[in-house]
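Asks: structure for the following, please:
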Amino acid sequence: MNLHECCIYPDWPAPANVKSLQTTRHGGASVAPYDSLNLGLHVGDAPLVVNQNRQLLSALMPSEPVWLAQVHGTRVANADAANCVEQADASVASTRGSVCVVMTADCLPVLLCDEDGTVVGAAHAGWKGLAAGVIEATVAAMQVTPHKLMAWLGPAIGAAAFEVGAEVRAAFIAHQAQAAIAFTAHGTQGKYHADIYVLARQRLNALGITRIYGGQHCTFTEQEYFFSYRRDGVTGRMGSFIWLG
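Replies: Just a heads-up that it's a prediction; the model follows:
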């Protein structure tokens, strides 16, 4: 197997020493409904197979990634110092070879780095974490002036497939009135289609981050390439990785 067939390499002007990759659902050993490169140990797949999938990526990594127990919160782990699986939804690193990773299957993965290549971060931004401030918490933990940062938005559920209730819309508008443009009324009264890419860009812009890339995929509709919890219920998880080389 050509390992590179299982990955997307972010198209962004990150410094040469910043390395990043995004897995697809291809290239692993898991069987349906986790077929085939499932990286999540918490979704019901056989642990031995998941670990085999993770090992397949080791040739592309300088060290074991700092895997997180994600809970849709805002806690940020220090990937330079982590020595066990931490309950967090983001991590940052400023030491060469420390690998940050978040797992998703509709939620938005956000990779961050500074223009000087001194610090990187990865955030798991489902709507709950995004509304609660996981991007803001990750940027704060990077300890760099925000205008020196750039971001890449990985594959997430697209607006046409992401139906939410009025309470989700209200949560975002309470923080930023302009968030209203990310919601379109849909079908049953009180239901909306939400554009998580727009919502993330608004949060990044508000921090002073304007160099934002990616954000063109839909995990729900692109079934051939991506896992989607909304679409399939029981499914695998993809990984978004970033480190300093």
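
Asks: can you tell me the helix or strand for the nearest residue to G133 once chain neighbours are set aside?
Replies: Counting by Cβ to Cβ, 6 or more residues apart in numbering, T74 is the residue found nearest to G133 once chain neighbours are left out, at 5.2 Å. Backbone N, C-alpha and C define where each C-beta goes, glycine included. Of the helices and strands defined by DSSP states H and E, none includes T74.

Asks: so T74 touches A132, yeah?
Replies: Yes: judged on Cβ atoms under 8 Å, T74 makes contact with A132 at a distance of 5.1 Å.

Asks: just want to know which of these two has more residues nearby.
Replies: More crowded of T74 and A132, by other Cβ atoms under 10 Å: T74, with 21 against 18.

Asks: could you measure from that one over to L153?
Replies: 18 Å (Cβ to Cβ, to the nearest Å).

Asks: give me phi/psi at the closest residue in space to S58 that isn't next to it in sequence?
Replies: Of all residues not flanking S58 in the chain, E64 sits nearest, at 7.8 Å (Cβ to Cβ, 6+ apart). Per-residue torsions, E64: phi -70, psi 130 (degrees, to the nearest 10).

Asks: burial measure for E64, as a count.
Replies: Counted with other Cβ under 10 Å, E64 comes out at 12.

Asks: residue nearest the centroid of the chain?
Replies: P109 (1.3 Å; Cα atoms, centre = their mean).

Asks: A helix includes that residue, no?
Replies: No: looking at P109 with DSSP: H, G, I helix; E, B strand; the rest coil, it is strand, so not inside a helix.

Asks: quick check: beta-bridge partners of it?
Replies: H124 (DSSP bridges).

Asks: which residues does it contact?
Replies: Shown in contact with P109 (Cβ atoms under 8 Å, 6 or more residues apart in numbering): 22, 102, 122-125, 153-156, 238, 240.

Asks: try 6 Å this time
Replies: If you count contacts by Cβ atoms under 6 Å, 6 or more residues apart in numbering, P109 has them with 102, 154, 240.

Asks: quick check: N38 vs I209, distance?
Replies: Counting by Cβ to Cβ, the gap from N38 to I209 is 31 Å.

Asks: go through the lengthiest helix in the chain and flag the buried ones.
Replies: Ordering each helix of the chain by length in residues (DSSP state H) puts helix 196-207 first. Using 16 or more other Cβ atoms under 10 Å as the test for burial, helix 196-207 gives 196-204, 207.
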